[in-house]
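Chemist: Next one to model:
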Amino acid sequence: MVAEIAAIVDADGWTGVLDEPGQIVVYRRSKDGWETDRTMPVSLGRCRNLPEMRRKMAEIVQFLDACRTFVAGSAHGALYFELEKAGCTVWEITGKPAEYLDSVLEEEEHARTAAAAPCAIVIPAPEETAPGTFFISIKEVQGKLPGVTSKQILAQFIADGEFRVLEILCDHVPPWIEMEAQRRGYGLQAEKNRPNEIRVRLTGAAAG
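Modeler: Prediction:
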């Protein structure tokens, strides 16, 4: 299977946002690393109304072709939902594509592997360590269950919001958690404990 990831990139080569001028770059993974496969200039901020914006989004989806992984510095509102409606997995990451493409591909492959698993697996849930405070080590879970993604472990728990504090031990902050925290208005702090270990603290959810 060909690995492709699309990103909106600004003039300085950093991940940009869809409503500012930039270009969409589709990167393709080869044996020599990531290569630019195709590009498309975009400037959705200049759209005069919603129908025009949707026409432009349809052009973007057509340009993406089979690529259904999209990275933006910020993705929200109608632009975000148009991409999701097209079946794209949308990542919100700040940085230069070379710094995160491998990480995004790894998470995507983990998700595909887990979805294709022939039998159901029991994924541990965060443990309550004090009233309203929960903890889970993604590193530990993935050490025992290779192929399980951070999203499978925590997406539903975070969406339910039944916590005041959720502490997560991981080797990097999963980009989708940053996006979910922003979308849901949760506080997010990340602190490096030691090399390859980060403690993430989500706060602000409405606990029972």
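
Chemist: Mind listing residues that contact stretch 60-69?
Modeler: Contacts made with stretch 60-69 from outside it, assessed by Cβ atoms under 8 Å, 6 or more residues apart in numbering, are listed as 2, 4-6, 24, 26, 38, 40, 42, 70, 82-83, 86-89, 91, 104-105, 108. C-beta here means a position set from N, CA and C on the backbone, and glycine is covered the same way.

Chemist: Just the buried ones from these?
Modeler: When neighbours are counted using 16 or more other Cβ atoms under 10 Å, the contacts of stretch 60-69 contain these buried positions: 4-6, 24, 26, 40, 42, 70, 82-83, 86, 88-89, 91, 104-105, 108.

Chemist: So which of the contacts of stretch 60-69 are in helices?
Modeler: For the contacts of stretch 60-69, the ones inside helices are E82, L83, V104, L105, E108, with DSSP state H as the criterion.

Chemist: just checking, the fourth one touches A3?
Modeler: This points to L105. Yes. Using Cβ atoms under 8 Å, L105 is in contact with A3, at 5.6 Å.

Chemist: got any residues that touch both of those two?
Modeler: In the contact map built from Cβ under 8 Å, 6+ apart, the residues linked to both L105 and A3 are R29.

Chemist: Out of the ones in helices among the contacts of stretch 60-69, which is nearest to V173?
Modeler: Relative to V173, the closest of the ones in helices among the contacts of stretch 60-69 is V104; by Cβ to Cβ it sits at 13.0 Å.

Chemist: Show the contacting residues for the closest one.
Modeler: In this structure, V104 makes contact with I5, T69, V71, W91, I93, P175, judged by Cβ under 8 Å, 6+ apart.

Chemist: switch to 7 Å and redo it
Modeler: Contacts here follow Cβ atoms under 7 Å, 6 or more residues apart in numbering; on that basis V104 touches I5, T69, V71, W91.

Chemist: Same check on G185?
Modeler: Applying Cβ under 7 Å, 6+ apart to G185 gives the contacts G204.

Chemist: This protein: strands as residue ranges?
Modeler: Shown for the chain, the strands assigned by DSSP state E span residues 4-9, 22-30, 33-42, 69-72, 89-92, 127-130, 133-137, 165-170, 187-194, 197-203.

Chemist: Distance to F63 and mean pLDDT for those - can I get that in JSON lines?
Modeler: As requested, these are exported to JSON lines (distance: least, Cβ to Cβ, whole Å; pLDDT from 0 to 100):
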{"stretch": "strand 4-9", "distance to F63": "9", "mean pLDDT": "94"}
{"stretch": "strand 22-30", "distance to F63": "7", "mean pLDDT": "93"}
{"stretch": "strand 33-42", "distance to F63": "5", "mean pLDDT": "94"}
{"stretch": "strand 69-72", "distance to F63": "11", "mean pLDDT": "91"}
{"stretch": "strand 89-92", "distance to F63": "16", "mean pLDDT": "84"}
{"stretch": "strand 127-130", "distance to F63": "45", "mean pLDDT": "94"}
{"stretch": "strand 133-137", "distance to F63": "39", "mean pLDDT": "95"}
{"stretch": "strand 165-170", "distance to F63": "33", "mean pLDDT": "93"}
{"stretch": "strand 187-194", "distance to F63": "32", "mean pLDDT": "88"}
{"stretch": "strand 197-203", "distance to F63": "34", "mean pLDDT": "91"}
